[in-house]
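# Fold the following and give me the result.
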Amino acid sequence: MKKFDLKDKTVLITGASGGIGKAVAERFYACGANLVLTDLSQETLDAAFAGMARERILLSAMDVTDMTATKAVVANAIKRFGRLDMAFANAGISTKTPATMLTMSEDEFQNVVKVDLFGVWNTVKASLPHVLAAKGHILITASVYAFINGMVNAPYAASKAAVESLGRALRAELAGTGATAGVLYPGWVATPIANAAFGGHKEATELVKRAMPGPFGRAVQADLIANAVIVGVESRAPRIIAPKRWVPMSLLRGILNAMSDAILDRDKKVHKLVRAVEKK
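Numbers count the residues shown, from 1 in each chain. Here you go, the predicted structure:
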């Protein structure tokens, strides 16, 4: 399979102004790519990428749940750079505070799914004809939540599992065309979306320590994920799992999921913490 050389390629990144999106954008820029960077706030985008040469970037406020707006950004990218070689569907949110399905509002559940699943679909659908024509690459951000238990974070986990399936299907559908697709599975990353699990919410933090012992409960910096993305994209890898300690969890999920679910069923400390989440 032909290597994907980022130099002079045009890449669309959603959720670009912070965390993984920003770290990846900076690495792609250093590799010589032209960037179409989107997020909800134009002001935040302008501040985040003030140091980049204007002729190599296009900054556009965009809501990934709006297909019309997404198609317009893709059209502007083609008008500006003449092509679109890659889309990185990275934008995502979680619930404002951990909650069970009993206590979570219908609107919040649907909003997370709308951004994390349908936002990815919109990005892929709008970009795909151009990426296919360029024999380029599409990368979708899932999460290790695609294969671990999503208690008190169900809409996020459900969306990431769905996104994984979407990416796998897309990879198979593109086989033989010269274009490719891959799925990114970050572990815990030190970004605002993970704050609740690392001190921002007492019970959620204790749940992570209880259910994810040792290195599996530690967050990494976004730069580590970005480094893995560079390697994976250049080789057109079908999956990028970072940090690598999560690889066995993915490969053995059929066994480990059943085992971990059984442990959670019997762990009275976990039961107590979940009930405490519900009372908040």
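# Contacts for the helix or strand where Leu128 lies next, please.
For Leu128, the host element (DSSP states H and E) is helix 119-133. Outside helix 119-133, the residues that touch it by CB atoms under 8 Å, 6 or more residues apart in numbering are 12, 14, 64-67, 70-71, 73-74, 78, 83-87, 89, 91-92, 136-138, 140-141, 163, 166, 170, 174, 177, 179. Where you see a C-beta, it was placed from the backbone N, CA and C, and this is true even at glycine.
# so who does the residue nearest to the spatial centre of the chain touch?
In the chain, the residue lying closest to the centroid (CA atoms, centre = their mean) is Thr141, at 2.8 Å. Thr141 sits next to Gly15, Ile20, Phe88, Ala89, Asn90, Gly92, Val120, Val163, Leu184, Pro186 when contact means CB under 8 Å, 6+ apart.
# List the buried residues for the biggest helix by length in the chain?
Secondary structure of the chain per DSSP state H: the longest helix is helix 154-174. Buried residues in helix 154-174, counting neighbours by 16 or more other CB atoms under 10 Å, are found at 154-164, 166-168, 170-171, 174.
# ok, Asp223 touching Ala23?
Yes: Asp223 lies in contact with Ala23 (CB atoms under 8 Å); the separation is 5.3 Å.
# May I see the buried residues of the lowest-mean-pLDDT helix or strand in the chain?
Ranking every helix and strand in the chain by mean pLDDT, DSSP states H and E puts helix 202-211 at the bottom, with a mean of 90. Within helix 202-211, the residues that count as buried by 16+ other CB under 10 Å are Glu203, Ala204, Thr205, Glu206, Leu207, Val208, Ala211.
# Among those residues, which one lies nearest to Met259?
Ala211 (12.3 Å; CB to CB).
# just to revisit the earlier point, going through the contacts of Thr141, which ones are buried?
For the contacts of Thr141, buried by 16+ other CB under 10 Å: Gly15, Ile20, Phe88, Ala89, Asn90, Gly92, Val120, Val163, Leu184, Pro186.
# Hmm, the third one is touching Ile13, no?
Yes: proximity of Phe88 to Ile13 meets the contact threshold set by CB under 8 Å, at 4.5 Å.
# how near is Lys280 to Ala194?
Plainly put, Lys280 is 18 Å away from Ala194 if you go by CB to CB, to the nearest Å.
# which one of the two has more residues nearby?
Taking other CB atoms under 10 Å, Lys280 and Ala194 do not tie; Ala194 has more neighbours (18 against 12).
# Need the three-state assignment for that one.
Put simply, Ala194 is helix when judged by DSSP: H, G, I helix; E, B strand; the rest coil.
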